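[1] Attaching a predicted model along with its sequence, questions to come.
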Amino acid sequence: MYEPLLAIHNLARWLVLLAAIYLLYRSVKGLLSQSYTPADRRAALAYTGLMDLQLLVGVLLMLTSPFMQGMYANMAQAMQAHPTRFFLAEHWVAMLAAVVLAHLGGSRVKKAQEAALKQRLSLLWYGASILLVFLATPWWRPLLRLG
């Protein structure tokens, strides 16, 4: 179960990043044109939905990964090395915060009345979420792991 989950998590990473880039594009374009369209809402929903998928698969990986099981067995030692500390503490906390920011952003954008305000809120909340995603992605790991 671990290998397929890892492959899904890795492939979905690229989908999240593509959705993030598209969402930022839509937000900047909408801010410049002072409009908020259903396509903007769909871009936000795609990003948030993919983030939710990543969270679910990530939690399953935390429970099934032999790598994580080894770290749980000796947490004090694992916290002393950067790569293990990153996965044991930093990665999942930052990604969980990114998911929360995406959902809060979606709520705030939905409640806003004016198109320009919707786009500013979109850039603020989703931008913060996307920044956390970029900071908490393990770029030193293989870029495409298929199993």
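    In hand now; what should we look at?
[2] count of residues packed around Gln54?
    The local packing of Gln54 (other C-beta atoms under 10 Å) involves 20 other residues. (Each C-beta comes from the backbone N, C-alpha and C, glycine too.)
[3] and the closest residue to it other than its chain neighbours, what does it touch?
    Distance criterion C-beta to C-beta, 6 or more residues apart in numbering; nearest residue to Gln54, sequence neighbours excluded, is Ala12 at 5.3 Å. Under the criterion of C-beta atoms under 8 Å, 6 or more residues apart in numbering, the contact partners of Ala12 comprise 50, 53-54, 57.
[4] which among the residues you listed end up buried?
    For the contacts of Ala12, a burial check counting by 16 or more other C-beta atoms under 10 Å picks out 50, 54, 57.
[5] Just put the residues you listed in JSON lines and tack on distance to Leu32.
    As requested, those are arranged in JSON lines below (distance: C-beta to C-beta, whole Å):
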{"residue": "Leu50", "distance to Leu32": "25"}
{"residue": "Gln54", "distance to Leu32": "30"}
{"residue": "Val57", "distance to Leu32": "35"}
